[in-house]
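J.: sequence and computational prediction follow.
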Amino acid sequence: MVVKLKKNDLKQYIRDIPDFPKKGIIFKDITTLLKDKEAFKKSVNLLAKQYKKENIDFVVGVEARGFIFGASLAYKLGAGFIPVRKKGKLPYKTKSVTYSLEYGTDTLEIHEDAIPENARVLIVDDLLATGGTIKAVSDLIKEQKAKIIGIAFVVELRFLKGKEKLKDFDVYSIIKY
């Protein structure tokens, strides 16, 4: 028997892990959503439904969980998939951006020839927290003169106000806390 999931039902597939990665943080674990075939399928379908009429050329997925949803979504939308990786992980010439974290900095890279000028791009990640990572990714995409059509997440932690850093973009999240 196939159970028809509604959007609001997906929250039950997100597991809370207290004090991870450090004390005081409640980590939203999506592996429990990923392992359930109906919940995973529903989440990808909801993301695809949001952007199916946008003629997306490329879906950009952010390392690492953004690869899971990004590649699935690219397939569903008939688009190419482009990974954005941590420094030193891509084999060809790259463009990079360094951004601030609450406890230091990090660097993300994309192949310098990954996105043609004026391409229609959708950025995808699993979770929106403070918005710093995705803001950095959007800077990389803009540097390649592509058009960012939207930014999509499975989960958004609204209390961290990450959407404020992305106010210039169309941001869509399936599950909101």
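T.: Perfect, thanks for sending it.

J.: could you spell out the sheet neighbours of the helix or strand encompassing F81, each with its direction?
T.: F81 is part of strand 80-86, with elements assigned from DSSP states H and E. Sheet pairing here is set by DSSP bridges, and for strand 80-86 it gives strand 58-62 (parallel), strand 104-111 (antiparallel).

J.: deepest-packed of these, please.
T.: strand 58-62 (a mean of 26; mean count of other C-beta atoms under 10 Å). All C-beta spots, glycine's among them, are computed from the backbone N, C-alpha and C.

J.: using CSV, list the CA coordinates for that one.
T.: Only the C-alpha atoms of strand 58-62 are listed here, as CSV (Å, rounded to 0.1, in the frame of the first residue of the first chain):
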residue,chain,number,x,y,z
PHE,A,58,21.4,24.0,-14.3
VAL,A,59,20.8,23.0,-10.7
VAL,A,60,23.7,23.9,-8.4
GLY,A,61,24.1,21.7,-5.4
VAL,A,62,26.1,22.6,-2.3
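
J.: chain center to it, what's the gap?
T.: Relative to its parent chain, strand 58-62 has a centroid offset of 7 Å by C-alpha atoms, centre = their mean, to the nearest Å.

J.: do the same with stretch 82-96
T.: 16 Å.

J.: do the same with stretch 120-130
T.: Worked out by C-alpha atoms, centre = their mean, stretch 120-130 lies 3 Å from the chain centre.

J.: okay, and the spatially most central residue of the chain sits in which element?
T.: In the chain, the centroid-proximal residue (C-alpha atoms, centre = their mean) is D125; its distance is 1.2 Å. Per DSSP H and E, D125 falls inside strand 120-128.

J.: how much does that strand deviate in direction from strand 80-86?
T.: On the basis of axes from the mean of the first three to the mean of the last three C-alpha atoms, to 10 degrees, strand 120-128 is oriented at 50 degrees to strand 80-86.

J.: can you list the strands that strand 120-128 pairs with?
T.: Note on strand 120-128: by DSSP bridges, its sheet partners are strand 58-62 (parallel), strand 147-156 (parallel).

J.: that one: what's the following helix or strand?
T.: Using DSSP H and E, the helix or strand that follows strand 120-128 in sequence is helix 132-143.

J.: in that next one, what counts as buried?
T.: Within helix 132-143, the residues that count as buried by 16 or more other C-beta atoms under 10 Å are 132-138, 140-141.

J.: that helix packs against which elements?
T.: strand 58-62, strand 94-101, strand 104-111, strand 120-128, strand 147-156 (3 or more C-beta pairs under 8 Å, 6 or more residues apart in numbering; DSSP states H and E).

J.: thank you, goodbye.
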